[in-house]
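predicted coordinates and the sequence they were generated for:
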Amino acid sequence: MYSRSVEEVKTRLELEPNLIDIYVEGDFDRDVLSQLYNAKKNYSIYIISDIDISSDLLDKYKLTSGCRQRVLVLAKELERSSTNNNCICVVDKDFDHWAGKIEKGKILKWTKYCDMESHFITEKFIKKILIDTCRSKIENFELFYSAFIDVLKRMYSMRMADFFLDYNLSWMSYGKYLSFD
């Protein structure tokens, strides 16, 4: 499948000043933002795997080849072009705000919370999904939600400790340990 180069992205932005391109880390982020911007015809949302970010560019900024790092590289490269005001590169904060590594820029935008998914962790939304959509039988939803948030906080704390202590632990997929019982 064809991937556009960074130079092609720059050219597109230069030649189409009325369009607004948004580049995100992956499919979920694209799908969420597509729902938010579906009524606005000028917006195009792309996942970073659609763009060819060369290993030379990654090396230039001392970044790895992960999706988040590739969005950061694209943002840095587009920042260098003075005419690219019609582009947004969105990345998850992860732990960068704790480490003081949030870089400001006119193109690079960070999620408000550690990731895109965290914007939807409200009691009302979780209740709607679990009770209304999934028809789960939860007797005391307030107690369930409180425990749910506590587990998320603990998981986040463990991942943050792993990050700052540079243990590079391998994390198991949670999905295979969850059941519907």
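Sure, I can see it. What you are looking at is a predicted structure, and each value in this text was computed from that prediction instead of being measured.

which secondary structure elements does the longest helix seen in the chain contact?
Taking DSSP state H as the criterion, the chain has its longest helix at helix 141-165. Applying 3 or more Cβ pairs under 8 Å, 6 or more residues apart in numbering; DSSP states H and E, we find helix 141-165 packed against helix 96-99, helix 123-127. Just so you know, the C-beta spots here come from the backbone N, C-alpha and C atoms, and that holds for glycine as well.

show me where this protein has helices.
All helices of the chain, identified by DSSP H, fall at 6-15, 27-36, 55-60, 67-79, 96-99, 123-127, 141-165.

just the C-alpha atoms of the helix or strand of the chain with the lowest mean pLDDT, please, in PDB.
Of all the helices and strands that make up the chain, helix 96-99 has the lowest average by mean pLDDT, DSSP states H and E, namely a mean of 84. Extracted in PDB, the C-alpha atoms of helix 96-99 (Å, rounded to 0.1, in the frame of the first residue of the first chain):
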ATOM      1  CA  ASP A  96       5.500  13.000  29.200                       C
ATOM      2  CA  HIS A  97       3.600  15.600  31.300                       C
ATOM      3  CA  TRP A  98       5.000  14.100  34.500                       C
ATOM      4  CA  ALA A  99       8.500  14.100  33.000                       C
END
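
okay, now the closest residue to residue 108 other than its chain neighbours: neighbour count?
Spatially, and ignoring its direct neighbours in sequence, residue 108 is nearest to residue 75 (3.9 Å; Cβ to Cβ, 6 or more residues apart in numbering). Counted by other Cβ atoms under 10 Å, the residues lying close to residue 75 total 22.
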